[in-house]
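**Q** below: sequence and its predicted model.
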Amino acid sequence: MSYTITLTNGSVFATIPDGTINTDSSMVLVGKNYAGYGQFINDDIIRLLQNGANTTAPTAPLEGQLWYDQTTDTMKVYTGATFKVISGATSSSTAPSTSNVAGDLWYDSVNSQLNVYTGTAWILVGPAYTGNTGVSGAIVTTITDTNAVSHVAVEMYVANAVVGIFSKDAAYTPAVAPAGGGWTGSKLVQPGLTMAGTISGVAQLFQGTANNSTYLNGIASSGFVATTSNQTMTGTLGILNDTGLSVGENSDFRVTVSGSDVTLRNQTSNGNLVIGANVGGTPNSAISINGSTGVVSIPSLSTTVSNLSNGTSNVTIVSSGGNVSIGVGGSSNVAVFATTGEYITGLLSITGNVIGGNLNTAGLLSAGGNVIGGNLNTAGLLSAGGNVIGGNLNTAGTITVNSGSAATAIVNSAGNGVGNIGSSSSYFNTVFAQATTALYADVAERFAADEIYEPGTVVELGGSAEITRVKIDASDKVFGVISTRPAFMMNGGAGDNDSHPPVAMTGRVPVIVTGIVNKGDRLISAGDGVARAAQPGEATAFNVIGRALSSKTTAGAGTVEAIVTIK
């Protein structure tokens, strides 16, 4: 008699005749009196125990059938259409698209996020950041400070770095610096929001508009000067620009800077500039500059400084609009007062010493004694019975020097001079003298060179400019040697030592040589701009550079003193 197999809902699944088997499902169903039925029954029992464990789904599954997927190690149930995971959540790179029911969980393996199915769509449970963005967002945490006290705080993360911390407690220092590198050292977490320091070279700041602030750059708000009320300050006020300071409703008083010059000016037309002093508690005008005439006066004196004439000793001149002639004899001095520059529009004639800062006259500057100052400037004659001592000396007239008894007229008392008399662009005319002397002993002229040559290099006419280094041995084209320190240099304004080096064509000069050289040897070119001692029979009237005045006992390159005689 046949078996009729029904499903759980009562519907007939199959009818199995005697002596037959049924394979319409993933299990083998055995009819009555089928030979070898024990094998099929035992196989079915084992498969039930394993829940169909396999890497592939069972064939011909029934709705509600379980299958253990060995590939993903998950338990699945057949929905009538597909096998659905029945573990805690489905983990996959894409969202499950079939047989989803409200409350299903899906772990997004790409973004490391958990999602829940609402019945119509998947919504994010968390975290808000993804695996690609790193930890980002507000995270509640507990921070232990350096005193082992715990504080509840909210850390604001961006890409695994804490950029800010919200806290309600008094300021504390975390024992372990929060992530990101912006909390190194002893950085405090303050009540409210504290921003991190520098993360990856970028300063973390609170950006935006603030209505009020307790501190600015660590300074209390009470430490700043308001522009709307009277204020005082204990610090130093600096105006670090040349435009300067203006005072008064119409900016009448102005302080400006131009280069190294400082100017105090009354901007009002014809307005006076007064410098006052508190004398014994009473304000007094110490110096006054008339805005209409420009005359400087000292109210405490009986007369202005202009056109001052005094025969007494030790007279102080502040400035003058005319001539000043003071007869001061002996060792008495006239001090031209102040150091920022004094100007006398007429002549200054003093029988004693003139002592001051910068001395400037439009006419004669004459002193019976010494003239001592900073920069000395006169548009006329400068004459002194004693020494003239100062910084720069400038005159549009004549400087008279007349030393008697064969004494030195002009001497550098500070040691050897390093400057020049005149320059290639601002030179003197004829120099009249009975004799001249020089510390060096060659006559040179500047020539345009095709490259920069060091002193002592042997050169010839040619190359891309006027001269070039001698390139061949025993050349009869030798022209001269680059001078080290010429005693007399012609064509001096042609250029500098790099573009137009001085070429010594006669006189004593160091020469770069190679090989052994004995004093008295004739020198010829060795190529590459150096010289060597001529061997017997090599020297001619055309290739000899000169004769060695010193010896060199080494085989390599070096320098010898030589007398150059180019023909």
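**A** Nice, I can see it.
**Q** isn't A533 up against V511?
**A** No - contact criterion C-beta atoms under 8 Å: A533 and V511 do not qualify, at 11.1 Å. Every C-beta, even on glycine, is put in place using the N, C-alpha and C of the backbone.
**Q** all helices for the protein, in order.
**A** 37-50 (DSSP state H).
**Q** now do the residue minimising distance to the centre of the chain, the pLDDT please.
**A** Centroid check for the chain by C-alpha atoms, centre = their mean gives G201 as the closest residue, at 16.2 Å. You'll see G201 listed with a pLDDT of 92.
**Q** equivalent analysis for I289, please.
**A** So I289 comes in at 86 (pLDDT).
**Q** got it, and the one 4 residues further on?
**A** We note a pLDDT of 80 for T293 in this prediction.
**Q** show me where pLDDT drops low in the chain?
**A** Within the chain, the ranges that satisfy pLDDT under 70 run 87-88, 298-377, 379-387, 390-391, 396-397, 400-409, 411-419, 424, 433-440, 567.
**Q** tell me the domain boundaries of it?
**A** Domains of the chain are assigned by automatic domain parsing as 88-126, 137-204, 243-299, 305-395, 442-565.
**Q** turn those domains into CSV, columns for distance to S426.
**A** CSV is the format used below for the domains of the chain (distance: least, C-beta to C-beta, whole Å):
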stretch, distance to S426
domain 88-126, 79
domain 137-204, 52
domain 243-299, 22
domain 305-395, 12
domain 442-565, 10
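**Q** of these, which is nearest R47?
**A** Closest to R47 of the domains of the chain is domain 88-126 (C-beta to C-beta; 23.4 Å).
**Q** where do the contact lists of A533 and V511 overlap?
**A** L523, A548 (C-beta atoms under 8 Å, 6 or more residues apart in numbering).
**Q** S525: what's it in contact with?
**A** S525 makes contact with V458, V470, I472, D473, A474, S475, V478, A531, R532, N543, I545, according to C-beta under 8 Å, 6+ apart.
**Q** how near is it to S475?
**A** S525 sits 5 Å away from S475, going by C-beta to C-beta, to the nearest Å.
**Q** hmm, L393 is touching I410, no?
**A** No - if you go by C-beta under 8 Å, L393 and I410 don't touch, sitting 11.6 Å apart.
**Q** looking at the two, which is more packed in?
**A** L393 (16 against 7; other C-beta atoms under 10 Å).
**Q** what residues are bridge-paired with the more buried one?
**A** Beta-bridge partners recorded for L393 (DSSP bridges): L376.
**Q** so how far is G259 from it?
**A** Counting by C-beta to C-beta, the gap from L393 to G259 is 21 Å.
**Q** then V154?
**A** Taking C-beta to C-beta, one finds V154 at 57 Å from G259.
**Q** for this structure, longest strand please?
**A** strand 502-514 (DSSP state E).
**Q** now it: how far from the chain's centre is it?
**A** Taking C-alpha atoms, centre = their mean, to the nearest Å, the mean C-alpha location of strand 502-514 is offset from the chain mean by 45 Å.
**Q** joint contacts of S525 and S475?
**A** N543.
**Q** neighbours around the nearest residue to T90 once chain neighbours are set aside, how many?
**A** Counting by C-beta to C-beta, 6 or more residues apart in numbering, T90 lies nearest to W106, which is 4.8 Å off, once chain neighbours are set aside. Residues near W106, counting by other C-beta under 10 Å, number 21.
**Q** what's the separation between W106 and G131?
**A** According to C-beta to C-beta, W106 and G131 sit 15 Å apart.
**Q** can you map out the strands along the stretch 401-550 of the chain?
**A** 442-446, 458-461, 467-469, 478-482, 488-490, 502-514, 522-527, 530-533, 546-548 (DSSP state E, counting those that start in this stretch).
**Q** those: which one's closest to T90?
**A** strand 467-469 (85.3 Å).
**Q** return the distance of that closest one from the chain's centre.
**A** 42 Å.
**Q** same deal with stretch 225-239?
**A** 32 Å.
**Q** and the contacts of it?
**A** Residues from elsewhere that reach stretch 225-239, judged by C-beta under 8 Å, 6+ apart: L245.
**Q** ditto for stretch 82-99
**A** So stretch 82-99 is contacted by 57, 61, 67, 69, 72, 74-79, 81, 104-110, 114-115, 122 (C-beta under 8 Å, 6+ apart).
**Q** narrow these to those in strands?
**A** Checking the contacts of stretch 82-99 against DSSP E, those in strands are 67, 69, 74-78, 105-108, 114-115, 122.
**Q** can you select the buried ones from those residues in PyMOL?
**A** To isolate the buried members of these in PyMOL, using 16 or more other C-beta atoms under 10 Å:
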select buried, resi 67+69+74+76+77+78+105+106+108+115+122
